[in-house]
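[1] 3D, please:
(one chain, ligands or ions: 1)
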Amino acid sequence: MSPTELRPTYPITTERLLLRPLTEADAEALLAYRSRPDVCRYVPFEPMTPEVITERLATHWATTALTDEGQSLTLGIEVAATGQLAGDVILFWHSRQHRGGEIGYVLHPDHAGQGYATEAAQAMLKLGFEDLGLHRIIGRIDERNEPSARVLRRLGLRQEARLVHNELFKGEWSTEIDFAMLSEEYFAKYPGSPQSA
Ligand SMILES: CC(C)(COP(=O)(O)OP(=O)(O)OC[C@H]1O[C@@H](n2cnc3c(N)ncnc32)[C@H](O)[C@@H]1OP(=O)(O)O)[C@@H](O)C(=O)NCCC(=O)NCCS
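    Numbering: from 1, shown residues only. Modelled structure (predicted):
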């Protein structure tokens, strides 16, 4: 199957969460965690200002569908029980030909330690493998980001590579760990999905 496009119906519901596009009404909640240096330590962006949040909401984060490679879909992670924005999660579509994608996630520390990032990222794997027909989804992290490594392992991604000091990241050399999951691994791990045995 070749991926064509991804047009989810929102909100996407999981056991405890609603995943849905971000809006201007989320600006304050986004700033509360995306402006924090501790949250941004291992992510490829600097602590954000209100102006950057406003600009992102009008551009990258306004995407609600993936229509071609090179695009990414960022969704807010809303706690269903309270309506609070706990964080956000992203699915990149890297290649149409190779059916490749990537996931990422950011949580407000107040909402950490409850499994929300894993639950939201699992829903993004579902979108990527089941709805977009991807063949392979990766996760790339700094080796020191142990909570993120645990998220990827819990999801079922395998560690494939350790790239020693391969990037000068925020003023110091970063060792990158690359994780990956193939579609057959996804359908084996998550029974109940349409193509699982
Ligand atoms: C990476 C990040 C999202 C991980 O957050 P997290 O809260 O550890 O991950 P989850 O939300 O999936 O929660 C998992 C933890 O909750 C625990 N937990 C508690 N109750 C749970 C429940 N009901 N269900 C599932 N897990 C639960 C799990 O045991 C796990 O703890 P452990 O990793 O110590 O074993 C977070 O550290 C973060 O936002 N960091 C900054 C941004 C960042 O670095 N992003 C990744 C870039 S590569």
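[2] Please tell me the pLDDT value assigned to whichever residue of the chain sits closest to the ligand.
    Residue of the chain nearest the ligand, by CB to the nearest ligand atom: residue 115 (2.2 Å). Yep, even glycine has a C-beta here, placed from its N, CA and C like the rest. Taken from the predicted model, the pLDDT recorded for residue 115 is 98.
[3] Show the backbone phi and psi for it.
    phi 90, psi 10 (degrees, to the nearest 10).
[4] tell me how far stretch 46-64 is from the chain's mean position?
    Here stretch 46-64 is found 16 Å from its chain centre; the criterion is CA atoms, centre = their mean, to the nearest Å.
[5] can you list the residues of the chain near the ligand?
    Contact residues (CB under 6 Å from any ligand atom) of the chain with the ligand: 39, 42-43, 104-107, 112-118, 141, 145, 147-148, 150-151.
[6] Apply 8 Å and report the result again.
    16, 33, 38-43, 87, 104-109, 111-121, 139-142, 145-148, 150-151, 154 (CB under 8 Å from any ligand atom).
[7] I'd like to know which of those residues are buried.
    Among the residues of the chain next to the ligand, those buried by neighbour count (16 or more other CB atoms under 10 Å) are 16, 33, 39-40, 42-43, 87, 104-108, 111, 116-121, 139-142, 145, 148, 151.
[8] Helices along this structure, start to end?
    With DSSP state H applied, the chain shows helices at 27-34, 37-40, 50-58, 116-126, 146-155, 183-189, listed in chain order.
[9] shaky segments in the protein?
    1-3, 193-197 (pLDDT under 70).
[10] need the strands for it, in chain order.
    All strands of the chain, identified by DSSP state E, fall at 12-13, 17-21, 72-79, 85-95, 100-107, 136-142, 158-169, 172-182.
[11] Isn't residue 144 up against residue 172?
    No. Using CB atoms under 8 Å, residue 144 is not in contact with residue 172, being 10.3 Å away.
[12] Compare these two and say which one has the larger neighbour count.
    residue 144 (12 against 8; other CB atoms under 10 Å).
[13] For the more buried one, which non-adjacent residue is closest in space?
    residue 42 (6.8 Å; CB to CB, 6 or more residues apart in numbering).
[14] how near is that neighbour to residue 173?
    Noted for residue 42: a distance of 13 Å to residue 173, by CB to CB, to the nearest Å.
[15] Please apply the same query to residue 152.
    Residue 152 is 22 Å from residue 173, by CB to CB.
[16] Mind checking which of these two has more residues around it?
    residue 152 (25 against 10).
[17] surely the more buried one meets residue 180?
    No. At 9.3 Å, residue 152 does not count as touching residue 180 under the criterion of CB under 8 Å.
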